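# Sequence isn't available, so here's the structure alone:
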């Protein structure tokens, strides 16, 4: 089942952010094929995962494989130069929707993005973003994590 | 621990090949990074595996992750154009050494390679290949499986 998502930049942090669940995410890309197939590893809270995703022109495949922490540690050096870290905040909206608000660190310090997954296309189209969300960047490859992980912004000029 | 291996082309099939253990291998590459990190999936007999290997200039890492057959089947389409299949024969020599003799199929029909793993460097240096082995291709990138999987030889002219 394809995910129905919209992605936005974040104008300002929403009120009451500290009350919601949040977890640190460190992710690194092992490799990406010319057709866009990507393989990444991620530590999210205490969980360590390896994920394979299909490229944009393919039938969508996403396989998430739980791996042991030891294996994650062994693989992490292979992602040098292709990493990002962020804190993900889960901000509830009405209608059961949840904003995944990512605050990036390291080389991407200053960047904040938000993704909302919808149960159906109609809900995605009807969605009216709260005022703390900014420009919509759904489908913009510049904000794909795979690209952010290798993006090196000029000093003093954070992207977004 | 680094593996100590030598690799050869195969001049002719050794006598008694049918008496030794053999298994079909289908493998496909999900993605390869510019620094050589590669992620492949392989079905070897009944086993299905995802393997991540470091690039040549890195500290050697090789992680082999057993995956369910269902997951293998879901991932296999992502390797289109980056696959190879072969039958691996395990041919015992003296001193407990075993030749892994790979007979390739499909686009690589006609190619046969052999790899021998040694317990120590001295044994690798002292090794005297049996007469059915041909040219040594240890370290030759042309015979790395990652490259063979995307190699398309001219019709009627099998590589090797």
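Happy to help now that I have it. The model shown is predicted, which means the values in this text are computed figures rather than measured ones.

# May I have the residues that are in contact with the most centrally placed residue in chain A?
Geometric centre of chain A, nearest residue: residue A:145, 5.8 Å, by C-alpha atoms, centre = their mean. Residues in contact with residue A:145, defined by C-beta atoms under 8 Å, 6 or more residues apart in numbering or on different chains, are A:27, A:40, A:84. Quick note: C-beta positions are derived from backbone N, CA and C, even for glycine.

# Could you show which parts of chain A are in contact with chain B?
For chain A, the residues in contact with chain B (C-beta under 8 Å from any C-beta of the partner chain) are A:29-33, A:35, A:37-39, A:50, A:52, A:54-55, A:58-59, A:61, A:63, A:65, A:67, A:71, A:74-75, A:77-78, A:81-82.

# mind checking which helix or strand the residue nearest to residue A:139 when sequence neighbours are not counted is in?
Excluding the flanking residues, the one nearest residue A:139 by C-beta to C-beta, 6 or more residues apart in numbering or on different chains is residue A:7, at 7.7 Å. Here residue A:7 is covered by strand A:4-10, with elements defined by DSSP states H and E.

# wait, what's in contact with residue A:114?
Per C-beta under 8 Å, 6+ apart, neighbours of residue A:114: A:7, A:8, A:9, A:10, A:91, A:99, A:100, A:101, A:102, A:133.

# rerun at 10 Å
Neighbour list for residue A:114: A:6-11, A:14, A:89, A:91, A:99-103, A:129-130, A:132-134, A:136-137 [criterion: C-beta atoms under 10 Å, 6 or more residues apart in numbering or on different chains].

# List only buried entries from those.
By neighbour count, with 16 or more other C-beta atoms under 10 Å in any protein chain shown, the contacts of residue A:114 hold A:6-10, A:14, A:89, A:91, A:99, A:101-103, A:132-134, A:137 as buried.

# Tell me where chain A has helices.
Taking DSSP state H to define them, one finds helices in chain A at A:69-75, A:121-126, A:145-148.

# Mind putting these into CSV with mean pLDDT?
As requested, the helices of chain A are exported to CSV (pLDDT from 0 to 100):
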stretch, mean pLDDT
helix A:69-75, 97
helix A:121-126, 93
helix A:145-148, 89
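
# Would you map the strands across chain A?
A:4-10, A:22-32, A:38-44, A:47-53, A:62-66, A:83-92, A:98-104, A:112-118, A:133-136 (DSSP state E).

# Between those, which one is closest to residue A:124.
Closest approach to residue A:124 among the strands of chain A is made by strand A:112-118 (4.0 Å; C-beta to C-beta).

# Could you check the angle the closest one makes with strand A:98-104?
On the basis of axes from the mean of the first three to the mean of the last three C-alpha atoms, to 10 degrees, strand A:112-118 is oriented at 160 degrees to strand A:98-104.

# could you measure the most far-flung residue of chain A relative to its centre against residue A:107, distance?
The C-alpha centroid of chain A is most remote from residue A:70, which lies 23.7 Å away (C-alpha atoms, centre = their mean). From residue A:70 across to residue A:107, the span is 27 Å (C-beta to C-beta, to the nearest Å).

# same question, residue A:123
35 Å.

# between these two, which one's more packed in?
Legend: neighbour count by other C-beta atoms under 10 Å in any protein chain shown for residue A:123 and residue A:107, higher for residue A:107 (18 against 15).

# Please verify my assumption that the more buried one contacts residue A:151.
Yes - Residue A:107 is within contact range of residue A:151, at 7.5 Å (criterion: C-beta atoms under 10 Å).

# Tell me the pLDDT of the closest residue to residue A:8 other than its chain neighbours.
Using C-beta to C-beta, 6+ apart and skipping residues adjacent in sequence, the residue nearest residue A:8 is residue A:133, 4.3 Å away. Residue A:133 is assigned a predicted lDDT (pLDDT) of 97.
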